[in-house]
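> Fold the following for me, if possible:
(one chain, ligands or ions: 1)
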Amino acid sequence: MIRFEENFSLIKYNTFGIEAHSRYFFEFTESEDLRIFIQNNETLREENQLILGGGSNYLFTSDFKGIIFHPNIPGIRVLDETATHIWIEAGAGEEWDQFIEYCVNKGYGGVENLSLIPGKIGATPVQNIGAYGIEASQVIDTVYGIDLTNGERVSLSASDCHFGYRDSIFKHDLKGKIIVTSVVFKLSRFPEFKLGYGAVKAEVERLGEVSLRNIRTAVINIRHAKLPDPKELGSAGSFFMNPVVDTEIAERLKSNHPNMPSYQTGEGKTKLAAGWLIEQCGWKGFRDGDTGVHKDQSLVLVNYGKASGMEIYNLSEKIKVSVYEKFGIELNREVIVI
Ligand code: EPU
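Numbering: from 1, shown residues only. From the prediction side, this is the model:
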């Protein structure tokens, strides 16, 4: 199935629930549709282009003057299995959390800690989504896509993807050049349960035995308690990334703020908690009109109703300035501002 529309409303295609329009919108359910479209539309190839999956990582501050590609390729299939592992290919349009439910049901381990993260399969390698001690890069085996310059099929191994914290080659050398069409995950029949994140361990213990199902339920419970459901309150999850700074800088800050959370990430670097820094600047629960900072997690900016993208952007600028003034730390947005 393909759909090609002009002046397309994006309100249902971004989890902030911002009203904006795209000049063109192309949705497809097979990678072959995309190949044909690209090879037959030279003029559209000159347009600004944007790849939009679940829309959980974009903030539209104006209309998009170009073409949006919306991969809606379905399908989850087992490619290969051994006594210990299983390789599963999922289409870019599958909901990430439904894929996790499928894996947990079957007893395949590796993605359970990433439960309830909004978005679709196609975004998982781009963002290298991560939570509760796991990153998608740990289970991604191969990424298939279409090259937007010529419509040809491409495949990348995990090492080709140059994964980092919320980072991959799709945000750098291949930015805007490849549309992910499917991802192959390597999952385990004998999973090592990841309970390093204290709150997950405590919740699993409360639920009973350590199992894939209980880890998934624990993560869902924790996220429900702390993070807004984008279906009820517009947001894009973490608006900022946690800053990674020289350990020296972190130590200096810690001497003034002994309670500041920090995690050594190796190579003389330390990750700070942006949510904590923002809360210390007094933003937690802040509201101005329909924009605000979530009451339980300061990393999350919210749209209480009819906020514009620009209003949310302006709030994020004020937050950045205040964190810089108080701590000398520059926050970077995780959300992509259009
Ligand atoms: N904290 C505060 N105040 C806040 C928020 C956090 O003091 O308003 C403190 C917490 O108490 C904790 C520390 O900051 O000591 C870290 O907080 P938390 O464990 O909630 O995680 P995070 O670093 O704020 C990251 C991810 C989340 C992910 C969680 C859990 C990023 C940008 N965010 O948040 O991802 O769910 O860890 O692993 O790395 C998302 O990407 O949308 C997302 C929610």
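> use CA for all of it now, contacts and neighbours both
Will do.
> could you pull out the helices for the protein?
Here the chain has its helices, by DSSP state H, at 31-40, 96-106, 124-127, 198-207, 212-226, 247-256, 274-280, 309-327.
> touching the ligand at all, the fourth one?
No: counting by C-alpha under 6 Å from any ligand atom, no contacts exist between helix 198-207 and the ligand, the nearest distance being 8.5 Å.
> contact partners of that helix?
With contacts defined as C-alpha atoms under 8 Å, 6 or more residues apart in numbering, helix 198-207 is touched by Tyr132, Leu195, Val210, Asn214, Ile215, Ala218, Val219, Ile222.
> quick one: low-confidence parts of the stretch 151-300 of the chain?
The model of the stretch 151-300 of the chain has no residue with pLDDT under 70.
> check contacts around the residue nearest to Gly151 when sequence neighbours are not counted.
Spatial nearest neighbour of Gly151, chain neighbours left out: Arg35 (4.3 Å); criterion: C-alpha to C-alpha, 6 or more residues apart in numbering. By C-alpha under 8 Å, 6+ apart, the contact set of Arg35 is Ile146, Asn150, Gly151, Glu152.
> The ligand versus Ala90, what's the distance?
Distance from Ala90 to the ligand, counting by C-alpha to the nearest ligand atom, to the nearest Å: 21 Å.
> what number of residues lie near Ile76?
For Ile76, the neighbour count with other C-alpha atoms under 10 Å is 16.
> Enumerate every residue touching the closest residue to it other than its chain neighbours.
Nearest residue to Ile76 in three dimensions, chain neighbours excluded: Ala90, at 4.4 Å (C-alpha to C-alpha, 6+ apart). Residues near Ala90 by C-alpha under 8 Å, 6+ apart: Pro74, Gly75, Ile76, Arg77, Phe99, Ile121, Ser182, Val183, Val184, Phe185.
> Mind giving me the ChimeraX command for buried ones among those residues?
In ChimeraX, this line selects whichever of those come out buried by 16 or more other C-alpha atoms under 10 Å:
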select :74,76,99,121,182,183,184,185
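> Most tightly packed of the helices of the chain?
Each of those was scored by mean neighbour count; the highest is helix 124-127, a mean of 23, by mean count of other C-alpha atoms under 10 Å.
> Enumerate residues external to that one that contact any of its residues.
Contacts for helix 124-127 (C-alpha under 8 Å, 6+ apart): 96, 136-137, 140, 143, 161, 166-171, 183.
> Check stretch 240-248 too.
Stretch 240-248 is touched from outside by 166, 264, 268-275, 299-300, 329-335, with contacts defined as C-alpha under 8 Å, 6+ apart.
> Write out the residues of the chain neighbouring the ligand.
Applying C-alpha under 6 Å from any ligand atom, one finds that the chain approaches the ligand through 131-132, 237-238, 240-242, 261, 273, 275-276, 279, 296-298.
> longest strand anywhere in the chain?
Counting by DSSP state E, the longest strand found in the chain is strand 178-188.
> how about the helices of the chain, which one is nearest Phe25?
Closest approach to Phe25 among these (C-alpha to C-alpha): helix 31-40, 12.2 Å.
> now the closest one, how far from the chain's geometric center?
Centroid separation for helix 31-40 versus its chain: 26 Å, with C-alpha atoms, centre = their mean, to the nearest Å.
> mind checking the end-to-end distance for stretch 118-137?
17 Å (C-alpha to C-alpha, to the nearest Å).
> Sorry, slip of the keys, the one I care about is stretch 125-143.
8 Å.
> Next, the buried residues of that stretch.
In stretch 125-143, residues buried by neighbour count (16+ other C-alpha under 10 Å) are 125-130, 132, 134-143.
> Give me the subset of those residues lying in strands.
Going by DSSP E, the strands hold Gly130, Ile134, Glu135, Ile140, Asp141, Thr142, Val143 from the buried residues of stretch 125-143.
> Check those residues against Leu59 and report the nearest one.
For these, the residue nearest Leu59 by C-alpha to C-alpha is Gly130; the value is 20.1 Å.
> Verify the stated contact: that closest one with Phe163.
No: between Gly130 and Phe163 there is no contact under C-alpha atoms under 8 Å: 11.4 Å.
> hang on, the earlier thing: ok, of the contacts of stretch 240-248, which come out buried?
When the contacts of stretch 240-248 are checked for burial by 16+ other C-alpha under 10 Å, the buried set is 166, 269-275, 299-300, 329-331, 333-335.
> Most widely separated two among the residues you listed?
Lys269 and Val300 (24.4 Å).
> got a list of what Asp97 touches?
Shown in contact with Asp97 (C-alpha under 8 Å, 6+ apart): Ser115, Leu116, Ile117, Pro118, Gly119.
> Swap in 6 Å and give it another go.
Counting by C-alpha atoms under 6 Å, 6 or more residues apart in numbering, Asp97 touches Ser115, Leu116.
> What of His294?
With contact set as C-alpha under 6 Å, 6+ apart, His294 has these partners: Gly285, Val300, Leu301.
> how far away is the nearest residue to Glu5 once chain neighbours are set aside from Thr265?
Excluding the flanking residues, the one nearest Glu5 by C-alpha to C-alpha, 6+ apart is Phe25, at 5.2 Å. From Phe25 over to Thr265 the distance is 40 Å, taken as C-alpha to C-alpha.
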